[in-house]
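Student: fold the following.
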Amino acid sequence: MAIVIDLDVMLAMRKKKSKELSKYIGITEQNLSTLKTGKAKAVRMSTLNAICKFLECTPGDILKYKPDEELSEA
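Tutor: Here you go, the predicted model:
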């Protein structure tokens, strides 16, 4: 998939833990892990909004577009 989720990077920059984020946004740590690894098929706008509010960032800070060609080279 061409959308890459850099949630771990933003968590580290903000010195926050995944457990804190999952509790704040109201999803399980397992579901958050699925999102962080890019295995999620979709993200609810309300979830994305809560993540951005918690991390004080914009969606563009955590969601990146990388064409499929770049992914296969990595």
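Student: residues near Ala12, how many?
Tutor: Using other CB atoms under 10 Å, Ala12 is surrounded by 11 other residues. Heads up, the C-betas are built off the backbone N, CA and C, glycines and all.
Student: typo on my end, it should be Lys53
Tutor: Neighbours of Lys53 (other CB under 10 Å): 11.
Student: any idea how far it is from Tyr24?
Tutor: 8 Å (CB to CB, to the nearest Å).
Student: with Leu35 instead?
Tutor: From Leu35 to Tyr24 the distance is 14 Å (CB to CB).
Student: try Lys16
Tutor: Distance from Lys16 to Tyr24, by CB to CB: 9 Å.
Student: cool, Met45 as well?
Tutor: Distance of Met45 to Tyr24, given as CB to CB: 16 Å.
Student: these two: who's more crowded?
Tutor: Neighbour tally, Met45 and Tyr24, criterion other CB under 10 Å: the higher count belongs to Tyr24, 14 against 8.
Student: helices and strands around the helix or strand that contains that one, which ones?
Tutor: Using DSSP states H and E, Tyr24 maps to helix 18-25. Applying 3 or more CB pairs under 8 Å, 6 or more residues apart in numbering; DSSP states H and E, one finds that helix 18-25 contacts helix 29-36, helix 45-55.
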